[in-house]
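>>> Give the three-dimensional model of this entry:
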Amino acid sequence: MGLTLRSPLVPAASPLSNEIDNIKRMEDAGASAVVLESLFEEQLTLEKFELHHHLSQGTESFAVARSFYPEPEEFRIGPEEYLKHIQKAKQAVKIPIIASLNGKSVGGWTDYAKQMQQAGADAIELNIYYVETDMALPGSAVDQTYVDILRAVKSAVSIPVAVKLGSFFSNIGNMVKRLDETGADGLVLFNRFYQPDFDLESLEVTPHIILSTPFAMRLPLTWIAILHGRISADLAATSGIHYPEDVIKMMMAGAKVAELCSVLLRHGIDRIRDIEKGMVEWMEKHEYESIQQMQGSMSQVNSESPAAYERAQYMRAITSYKPQAAG
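All right, here's what the predicted structure looks like:
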């Protein structure tokens, strides 16, 4: 996105970035940039206590409806504090600070994005989390919302803007193409869809977050490899990246950066240093002199077997599987 980075390792938006000391530790461990934890669209629409007041009206007898929304005190940081946090982070470290907005509509994002830039953010990541439940609304209208959000934010700021996408589109390639044509500087693949759970004792819907496993990287790996070389926007990989080899695979698929989250929450910030060390050792062993040398080398456009990313490989995988005999 025009940012100069020392490595492709970037901590993704997470609670770890709420503390300035943690951001310093990320820089010391080798992070090339940091994505701050997202500020929610709902926090911009109304003051958090006013939001709580309106959301709670008429829901006292409907535990399911009430439990979907966080209590006011659960918001870690408010809009004004978020801008101050950007300023403090910029003063504390030399690496780029990427602000993050999480929402699903145009709303008040435009003005606040401008304030993020004024506070010193080097870029903005739009974490669009849109789960549409209106069965009468066509998918094309949902897709258009993403484009409208990006266009509105791009019109308000001059710093790079990335869009973090989920994978639930009928045609991911077309969605990416439209965002690219609208001016996205980067695309982050993919946002994870967090499904709720049921508490059988209280009969309430409860949040349930499970940290990613390495298997989750297969989906972004596939699509980054398919999209590389076909759009102007830079591609960032996220979800399931836990080991040095995972980052290398994403680079070979065509990613410019790998966003790390679950691995840092599970093993700590110093894991960044371990991953970089492992990458360097692998590159030396296999005689790679730079990340650029490997970027996109395994993408579909550079593959000797492009069909490996399409239906032919799917059929081969299914038909070649041999189940183990029962013991």
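>>> May I ask which helix or strand of this protein has the lowest mean pLDDT?
helix 63-67 (a mean of 41; mean pLDDT, DSSP states H and E).
>>> Tell me the helix or strand right after that one.
Next along the chain after helix 63-67, taking DSSP states H and E as the criterion, comes helix 79-92.
>>> what's the neighbour count on Glu304?
Residues lying near Glu304 (other CB atoms under 10 Å) number 5. Glycine gets a C-beta too; all of them are placed from N, C-alpha and C.
>>> and the residue nearest to Gly2 when sequence neighbours are not counted, backbone torsions?
In space, and not counting its chain neighbours, Gly2 is closest to Pro160: 5.7 Å by CB to CB, 6 or more residues apart in numbering. Dihedral pair for Pro160: phi -60, psi 150, per degrees, to the nearest 10.
>>> how close does Pro160 sit to Gly183?
Distance from Pro160 to Gly183, counting by CB to CB, to the nearest Å: 10 Å.
>>> Which of those two has more residues huddled nearby?
More crowded of Pro160 and Gly183, by other CB under 10 Å: Pro160, with 22 against 15.
>>> Does that one touch Gly186 like I think?
Yes: with contact defined as CB atoms under 8 Å, Pro160 reaches Gly186; the gap is 6.6 Å.
>>> Give me the nearest residue to His208, chain neighbours excluded.
Excluding its sequence neighbours, the residue lying closest to His208 (CB to CB, 6+ apart) is Asp197, at 3.8 Å.
>>> nope, Glu276 is what I was after
Gly30 (4.7 Å).
>>> Next, count neighbours for that neighbour.
Neighbours of Gly30 using other CB under 10 Å come to 18.
>>> Report how many residues lie close to Thr319.
8.
>>> Quickly find the element holding it.
Assigned by DSSP H and E, Thr319 belongs to helix 311-320.
>>> all strands of this protein, in order?
For the chain, the strands defined by DSSP state E occupy 9-11, 34-35, 39-40, 97-103, 123-128, 161-165, 186-189, 197-199, 204-206, 234-238, 257-260.
>>> What is the first one packed up against?
It refers to strand 9-11. strand 34-35, strand 257-260, helix 271-285 (3 or more CB pairs under 8 Å, 6 or more residues apart in numbering; DSSP states H and E).
>>> closest one to Gly296 among these?
Nearest to Gly296 among these is strand 257-260; the distance by CB to CB comes to 13.6 Å.
>>> measure the closest residue to Gly278 other than its chain neighbours to Asn302 for me?
For Gly278, ignoring the flanking residues on the chain, the nearest one in space by CB to CB, 6+ apart is Pro244 at 2.9 Å. As judged by CB to CB, Pro244 and Asn302 stand 22 Å apart.
>>> So for the two, which residue has more residues nearby?
A direct count of neighbours by other CB under 10 Å for Pro244 and Asn302 places Pro244 higher, at 19 against 15.
>>> hang on, Ser299 packs against Met251?
No: assessed by CB under 8 Å, Ser299 is found out of contact with Met251, at 10.4 Å.
>>> Which one's more surrounded, these two?
It is Met251, of Ser299 and Met251, that has more neighbours when counted by other CB under 10 Å, with 26 against 22.
>>> From what I see, that one and Ile291 are in contact.
Yes: Met251 is within contact range of Ile291, at 5.7 Å (criterion: CB under 8 Å).
>>> list residues touching both of those two?
Pro8 (CB atoms under 8 Å, 6 or more residues apart in numbering).
>>> Need the per-residue pLDDT for Tyr194.
In this model, Tyr194 is scored at 74, pLDDT.
>>> That one and Asp234: what is the separation?
26 Å.
>>> tell me what the longest helix seen in the chain is packed against?
Assignment by DSSP state H gives helix 139-156 as the longest helix of the chain. Helix 139-156 is packed against helix 109-119, strand 123-128, strand 161-165, helix 172-182, with contacts defined by 3+ CB pairs under 8 Å, 6+ apart.
>>> can you pull up the bridge partners for the closest residue to Leu126 other than its chain neighbours?
Of all residues not flanking Leu126 in the chain, Val163 sits nearest, at 5.0 Å (CB to CB, 6+ apart). With DSSP bridges applied, the residues forming beta bridges to Val163 are Leu126, Leu187.
>>> contacting residues around Val163?
With contacts defined as CB under 8 Å, 6+ apart, Val163 is in contact with Glu125, Leu126, Ile128, Tyr146, Leu150, Leu179, Ala184, Gly186, Leu187, Val188.
>>> If we only consider those residues, which is nearest to Gly103?
When those are compared against Gly103 (criterion: CB to CB), the nearest one is Ile128, at 6.9 Å.
>>> So that closest one versus Ser239, what's the distance?
Ile128 sits 15 Å away from Ser239, going by CB to CB.
>>> cool, Val153 as well?
The value you get for Val153 to Ser239, if CB to CB is used, is 23 Å.
>>> Which positions within the longest helix of the chain qualify as buried?
Val142, Asp143, Thr145, Tyr146, Val147, Ile149, Leu150, Arg151, Ala152, Val153, Lys154, Ala156 (16 or more other CB atoms under 10 Å).
>>> Test my guess that the third one contacts Ser105.
Which is Thr145. Yes: shown here, Thr145 and Ser105 form a contact pair, counting by CB under 8 Å, at 6.7 Å.
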